[in-house]
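A.B. asks: Curious how this folds, go ahead:
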Amino acid sequence: MLSIVATPIGNLGDITLRAIETLKACDAVVCEDTRVTGNLLKQLDIPKKELISLHGYSHPQVVHRLLARLADGEHLALVSDAGTPGISDPGYVLVAKAAEAELRIESVPGPSAVIAAASISGLPIHHFLYLGFLPLKKGRKTLINSFIQEERTILFYESVHRIERTLLELAAALASQPERQVVIARELTKMHEEVIRTTVAQLPVIAKSITRKGEFVVIVGALG
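C.D. replies: Below you'll find the predicted structure:
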């Protein structure tokens, strides 16, 4: 069985009892960074486990070997560095192949940065568009310009290295909608959690003053 285990995005207290039980019971843990996951297991007082690295640069044979182990009856737990696996991280490849092979998959739900940000935003989220990370180059400008007509609330991740650029690009693309609401969530569940509620008109100022530390979720409010 493959267990998809959500882990804390910052606050260790957000781990679920079921996640702890699963991590204790599994035969091995598949993770992005073995150092990060090893430290998490140590903090949770979980005995040492076999940790298998699976990231964006992993050879396809890694996934094939994991599928073989699942087919042989092993119980593997899939985690990301933080949050729910498969959401903007390489774990989805293993899940997709396991589903294709009709292997048993279970979800052990828990923290997710994008859902946490959506819930705290105060913006309409009965319908929303999640974009992961915006493209770095190809298609980026076209995508951002499409926000002008998007009637749903838009959510996406952004890194500390590109947050200023992205906010300035949003301000330029949505200049005709200066009162459109924008929420920027940073370091959710951590000590320095910050939620900035602003408008398109204020984005140039925010872009220059925002704290460049941590991970960001940017939310652009729906039209109307």
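
A.B. asks: which residues does Glu108 contact?
C.D. replies: Just to correct that, residue 108 is Val rather than Glu. Val108 makes contact with 3-6, 16, 18-19, 22, 77, according to Cβ atoms under 8 Å, 6 or more residues apart in numbering. In this view, the C-beta of every residue, glycine as well, is placed from N, C-alpha and C.

A.B. asks: Mind checking which of the residues you listed are in helices?
C.D. replies: Using DSSP state H, the members of the contacts of Val108 that fall within helices are 18-19, 22.

A.B. asks: Of those - the most surrounded one?
C.D. replies: With neighbours defined as other Cβ atoms under 10 Å, the most crowded of the ones in helices among the contacts of Val108 is Ala19; it has 22 neighbours.

A.B. asks: show me what contacts it?
C.D. replies: Applying Cβ under 8 Å, 6+ apart, the residues contacting Ala19 are 5-7, 108, 110.

A.B. asks: Distance from the chain centre to the helix or strand hosting Leu41, please.
C.D. replies: Under DSSP states H and E, the secondary-structure element containing Leu41 is helix 34-43. Centre-to-centre, helix 34-43 and its host chain are 18 Å apart (Cα atoms, centre = their mean, to the nearest Å).

A.B. asks: where do the strands sit along the chain?
C.D. replies: With DSSP state E as the criterion, the chain has strands at 2-5, 28-31, 50-53, 76-78, 105-108, 128-133, 153-158, 181-186, 194-199, 216-220.

A.B. asks: Show the contacting residues for Ser80.
C.D. replies: 7, 31-32, 86-87, 89, 91.

A.B. asks: Show only the entries of the residues you listed found in helices.
C.D. replies: Assignment to helices by DSSP H places the following of the contacts of Ser80 there: Gly91.

A.B. asks: which of the contacts of Ser80 lies closest to Ala173?
C.D. replies: Using Cβ to Cβ, the shortest approach to Ala173 within the contacts of Ser80 belongs to Ile87, at 25.0 Å.

A.B. asks: Could you tell me what pLDDT the model assigned to the closest one?
C.D. replies: At Ile87 the predicted local confidence, pLDDT, stands at 85.

A.B. asks: what does the one 3 residues further on give?
C.D. replies: As summarised for this prediction, Pro90 has a pLDDT of 82.

A.B. asks: again, but for Gly224
C.D. replies: The predicted structure scores Gly224 at 68 on the pLDDT scale.

A.B. asks: could you dump the helix holding Leu41 to CSV, C-alpha only?
C.D. replies: Provided in CSV are the C-alpha atoms of helix 34-43 (Å, rounded to 0.1, in the frame of the first residue of the first chain):
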residue,chain,number,x,y,z
THR,A,34,16.0,12.8,3.5
ARG,A,35,17.5,15.3,5.8
VAL,A,36,14.2,17.2,6.2
THR,A,37,12.2,14.0,6.7
GLY,A,38,14.8,12.5,9.0
ASN,A,39,14.6,15.5,11.2
LEU,A,40,10.8,15.4,11.3
LEU,A,41,10.8,11.7,12.3
LYS,A,42,13.3,12.5,15.0
GLN,A,43,11.1,15.4,16.4
